[in-house]
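Visitor: Attaching a predicted model along with its sequence, questions to come.
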Amino acid sequence: MTIADVRPKPAVPAPNDLESFWLPFTPNRAFKRAPRLIVRAKDMHYYTPDGRAVLDGTAGLWCTNAGHNRDPIVAAIQRQAEELDYAPAFQFAHPKSFELASRIAALAPGDLDRVFFCNSGSEAVDTALKIALAYHNVRGEGSRTRLIGRERGYHGVGFGGISVGGIVANRKLFGTLLAGVDHLPATYNREQQAFTKGEPDWGGHLADELERIVALHDASTIAAVIVEPMAGSTGVLPPPKGYLQKLRAICDRHGIVLIFDEVITGFGRLGYAFAAERYGVIPDLITFAKGVTSGAVPMAGVIARDGIYAAFMRGPEHVVELFHGYTYSAHPLACAAGLATLDLYRDEKLFERAHALEPKWADAAMSLKGLPGVLDIRTVGITAGIDLAPRAGASGLRGYETMERAFHHENLMVRIAGDTIELMPPLIVSEQQIGEIFDKVGRVIRAVG
Ligand SMILES: Cc1ncc(COP(=O)(O)O)c(C=O)c1O
């Protein structure tokens, strides 16, 4: 049998044929048997083809922090599409790209002032890793080539990101990955940390593992350390108290570039513009994506400290300083969406709102403690991770059933990471909707059993 035998092509493709689309990070056969389709959205809700309103417990995919289809963002995209559809960012530029970069730099702490644009979190991660390597090179420290990530880390799906990432399923099918990568241990320990609101007391000492790695390889070979300030995709793991501060101190001691991957923690998720501000730690590079446009147009980027940018600004002025970039870096539609989104965050004080709501959010999440199969609940900012006991011999099945039941029976979108339920609604969520989210999740957990 050849591949062509499997599925004869129809003369005219059926508009409702589900077969051609190979869905990302989705069990395709199960999905196509019982699809979860969404046709429209507004504010806190998605709508299905049959008109059901589904409460968005996940800000889409950690991105629609301002809520869905907000009028100012939609209008800004429409206006931009009429005015300038595309302009190259190599050797040319359009004004909104500078305006957005300045606005993002103003939100970032300290001297994180230089913004390099890309289109996805994965690209932002690869960009940050490349900037770190090149930075050492241009300063004459080209022996610094090693990259240090962390177990259970998620940094997207580029080869750089999966190499420094620590989620086994995302790595094991893809060969040897980048050479010269090492990993810090994950910061999670259920015995020590279960049912903690915010940053756990236990675990700050795990940052000392970086000293062990430096001792093993020698600082002169290490370029960068990359961590998510709060590990999101692995199930919401807030950083232990003092952990990030220790990483910063060790990196300073050894001249290592510290990268915070803020693709999901940026733009208000933890009650601040960036997690770096919440934790009072200034990394050398921050990656961002998702919330910068509230998910409305793909956009991402890297924010660099002044000293890093300055290190590249040398040599003849007609020569490109960093041989890196994307056709759609600083795309006009994305810049317009980004500016309108930042206006909304400012005008509606959405980061402050997230900060103020955090205690209520955490209490509501913890109300599920004691339900059958709930092993742990973690919260930080407007995020929650709820670990469910895996079914014997079928890891991830209970989580999958939970997600399906929430969507079809409770009109709620939740995200799952294996048997962990993840919740992170848009930051416009009301107190009443917070109650609704956890009531629904509680009913689903009981029903799935
Ligand atoms: C911390 C982190 N980095 C990178 C990424 C990758 O982003 P993208 O899917 O836009 O490539 C994600 C996505 O969730 C993320 O959570």
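Guide: Done, it's in.
Visitor: can you list contacts of stretch 332-346?
Guide: By C-beta atoms under 8 Å, 6 or more residues apart in numbering, the surrounding residues in contact with stretch 332-346 are 65-66, 70, 72-73, 75-77, 79-81, 83-87, 94, 96-97, 99-100, 103-104, 107, 117, 119, 267-268, 291-294, 296-299, 328, 350-351. Placement of C-beta: from N, CA and C, glycine included.
Visitor: And those, which of them are buried?
Guide: 65-66, 70, 73, 76-77, 80, 94, 96-97, 100, 103-104, 107, 117, 119, 267-268, 291-294, 296-299, 328, 350-351 (16 or more other C-beta atoms under 10 Å).
Visitor: Which of those residues fall within strands?
Guide: Those of the buried ones among the contacts of stretch 332-346 mapping onto strands are residue 117, per DSSP state E.
Visitor: Write out the residues of this protein neighbouring the ligand.
Guide: For the chain, the residues in contact with the ligand (C-beta under 6 Å from any ligand atom) are 62, 120-122, 125, 154-156, 228, 232-233, 261, 263-264, 289.
Visitor: Kindly supply the ChimeraX command isolating those of those residues that are buried.
Guide: Only the buried entries of the residues of the chain next to the ligand go into this ChimeraX selection, using 16+ other C-beta under 10 Å:
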select :62,120,121,122,125,154,155,156,228,232,233,261,263,264,289
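Visitor: Next step: the residues of the chain next to the ligand restricted to helices.
Guide: Per DSSP state H, helices hold the following members of those: 62, 121, 122, 125.
Visitor: Any chance of CSV for these, columns pLDDT and distance to residue 111?
Guide: Shown next, in CSV, are those (pLDDT from 0 to 100; distance: C-beta to C-beta, whole Å):
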residue, pLDDT, distance to residue 111
62, 98, 27
121, 98, 23
122, 98, 26
125, 98, 22
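Visitor: mind pulling up the phi and psi values for the closest residue to residue 30 other than its chain neighbours?
Guide: Among residues not flanking residue 30 along the chain, residue 400 sits closest, at 7.7 Å (C-beta to C-beta, 6 or more residues apart in numbering). Dihedral angles of residue 400 (phi, psi; degrees, to the nearest 10) stand at phi -60, psi -40.
Visitor: Check the one 3 residues further on too.
Guide: The phi and psi values for residue 403, taken as degrees, to the nearest 10, are phi -60, psi -40.
Visitor: What is the nearest of the residues of the chain next to the ligand to the ligand?
Guide: The ligand has its nearest neighbour among the residues of the chain next to the ligand in residue 121, at 2.1 Å by C-beta to the nearest ligand atom.
Visitor: pretty sure that closest one contacts residue 286?
Guide: No. Counting by C-beta atoms under 8 Å, residue 121 stays clear of residue 286, with 11.9 Å between them.
Visitor: about what we covered before: which one of the ones in helices among the residues of the chain next to the ligand is nearest residue 382?
Guide: residue 62 (10.7 Å; C-beta to C-beta).
Visitor: you'd agree that closest one is up against residue 267?
Guide: No. Assessed by C-beta under 8 Å, residue 62 is found out of contact with residue 267, at 10.0 Å.
Visitor: residues touching residue 420, list them.
Guide: 235, 236, 385, 386, 387, 388, 399.
Visitor: which residues does it bridge with?
Guide: residue 387, residue 417 (DSSP bridges).
Visitor: what pLDDT does it get?
Guide: Looking at residue 420, its pLDDT reads 98.
Visitor: Output the ones in helices among the residues of the chain next to the ligand in CSV; the columns should cover distance to residue 210.
Guide: Listed next are those as CSV, based on distance: C-beta to C-beta, whole Å:
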residue, distance to residue 210
62, 27
121, 24
122, 24
125, 19
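Visitor: State the pLDDT value of residue 6.
Guide: Residue 6 is given a pLDDT of 64.
Visitor: What of residue 11?
Guide: pLDDT at residue 11 comes out at 73.
Visitor: ok, now the one 5 residues further on?
Guide: Here the pLDDT value assigned to residue 16 is 76.
Visitor: That one should be in a strand, yeah?
Guide: No. In this structure, residue 16 is coil, not part of a strand, as judged by DSSP: H, G, I helix; E, B strand; the rest coil.
Visitor: Tally up the residues packed near it, please.
Guide: 8 (other C-beta atoms under 10 Å).
Visitor: can you check the one 5 residues further on too?
Guide: Using other C-beta under 10 Å, residue 21 has 11 other residues around it.
Visitor: any idea which element it lies in?
Guide: For residue 21, there is no enclosing helix or strand under DSSP states H and E.
Visitor: do residue 136 as well
Guide: helix 121-138.
Visitor: same question, residue 301
Guide: Assigned by DSSP H and E, residue 301 falls in strand 300-305.
Visitor: ok, residues contacting whichever helix or strand comes after that strand?
Guide: Per DSSP H and E, strand 300-305 leads on to helix 306-312 as the next helix or strand towards the C-terminus. Outside helix 306-312, the residues that touch it by C-beta under 8 Å, 6+ apart are 111, 113-114, 131, 134-135, 138-139, 257, 284-285, 321-322.
Visitor: can you put the contacts of residue 420 in JSON lines and add pLDDT and neighbour count?
Guide: Formatted as JSON lines, these follow (pLDDT from 0 to 100; neighbours: other C-beta atoms under 10 Å):
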{"residue": "235", "pLDDT": "96", "neighbour count": "22"}
{"residue": "236", "pLDDT": "98", "neighbour count": "28"}
{"residue": "385", "pLDDT": "98", "neighbour count": "26"}
{"residue": "386", "pLDDT": "98", "neighbour count": "29"}
{"residue": "387", "pLDDT": "98", "neighbour count": "22"}
{"residue": "388", "pLDDT": "98", "neighbour count": "22"}
{"residue": "399", "pLDDT": "98", "neighbour count": "25"}
